[in-house]
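K.L.:
One predicted model, sequence on top.
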Amino acid sequence: MADKLDVRIITPERVVFSHSADSVLIPGAAGEFEVLPGHVALFSTVKPGQIVVKEGAKQAHFATGAGIVEICKDVVSLLLDSAVGNTEIDPKEAERLIAEAEDRLKNLSSEDEEMRFAFETQLATAKARIEVYERTGDSADASSMFSQMNVEAVKKESSGDK
């Protein structure tokens, strides 16, 4: 059994995070759960919320949209609609998205379930961003928490440079 996890947080736009860690806390559809080395293989949905990656005393916080997680042989792969570190969060933009989603939900007909789901997801994602921003304040994000060399490698990997 390995003593570390290989954690990858990926969105359609970029690789947000790729590093080893001791544990990762994930907002699963059935509730929050923590993944430690040796975790049983699992495939699950992820709801909008906060992901916390821990390595020793260090923590990286990410506000995320909905997606899926696959856990297999100490590799945790999160494929998400969106994910941002705490220093990437614009609280004014998140507040604007909350107001927009709430306004649209008020004016939505009860038959339009697909649009309701889209706006409820937007609302939950924006609220997660505010929560992460408020909880972490001025603390460092993942790019400064883990080695700068790793961040540069992830940027290179996601841009296609080798």
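P.N.:
Yes, it's here. Note that this is a predicted model, so its numbers are computed, not measured.
K.L.:
can you pull the contacts of the most centrally placed residue in the chain?
P.N.:
Nearest to the centroid of the C-alpha atoms of the chain, with distances taken as CA atoms, centre = their mean, sits residue 64, at 3.4 Å. Residues in contact with residue 64 (CB atoms under 8 Å, 6 or more residues apart in numbering) are 9, 27, 46, 48-51, 78, 80-83, 125, 128. Yep, even glycine has a C-beta here, placed from its N, CA and C like the rest.
K.L.:
Neighbour-wise, which one of those leads?
P.N.:
residue 9 (28 neighbours; other CB atoms under 10 Å).
K.L.:
Bridging across strands, which residues link to that one?
P.N.:
On the basis of DSSP bridges, residue 9 takes part in beta bridges with residue 17, residue 78.
K.L.:
Show the residue spans covered by the helices in this structure.
P.N.:
91-106, 113-136, 142-145, 148-159 (DSSP state H).
K.L.:
Out of these, which is closest to residue 70?
P.N.:
helix 148-159 (18.6 Å; CB to CB).
K.L.:
any idea how far residue 13 is from residue 97?
P.N.:
Applying CB to CB, to the nearest Å, the value for residue 13 to residue 97 is 17 Å.
K.L.:
So if I had to pick from those two, which one is more boxed in?
P.N.:
Neighbour comparison, residue 13 and residue 97: the larger count goes to residue 97, with 18 against 9 (by other CB under 10 Å).
K.L.:
Identify the residue nearest that one in space, chain neighbours excluded?
P.N.:
residue 126 (3.9 Å; CB to CB, 6 or more residues apart in numbering).
K.L.:
Then residue 91?
P.N.:
Leaving aside its chain neighbours, residue 91 sits nearest to residue 133 (5.2 Å; criterion: CB to CB, 6+ apart).
K.L.:
if we can go back for a sec, deepest in the core, which of the helices of the chain is it.
P.N.:
helix 142-145 (a mean of 20; mean count of other CB atoms under 10 Å).
K.L.:
Quickly list what the closest residue to residue 49 other than its chain neighbours is bridged to.
P.N.:
Leaving aside its sequence neighbours, residue 49 sits nearest to residue 27 (CB to CB, 6+ apart; 3.1 Å). Beta-bridge pairing for residue 27 (DSSP bridges): residue 32.
K.L.:
who touches residue 27 in this structure?
P.N.:
Residues near residue 27 by CB under 8 Å, 6+ apart: 46, 47, 48, 49, 50, 51, 64, 128.
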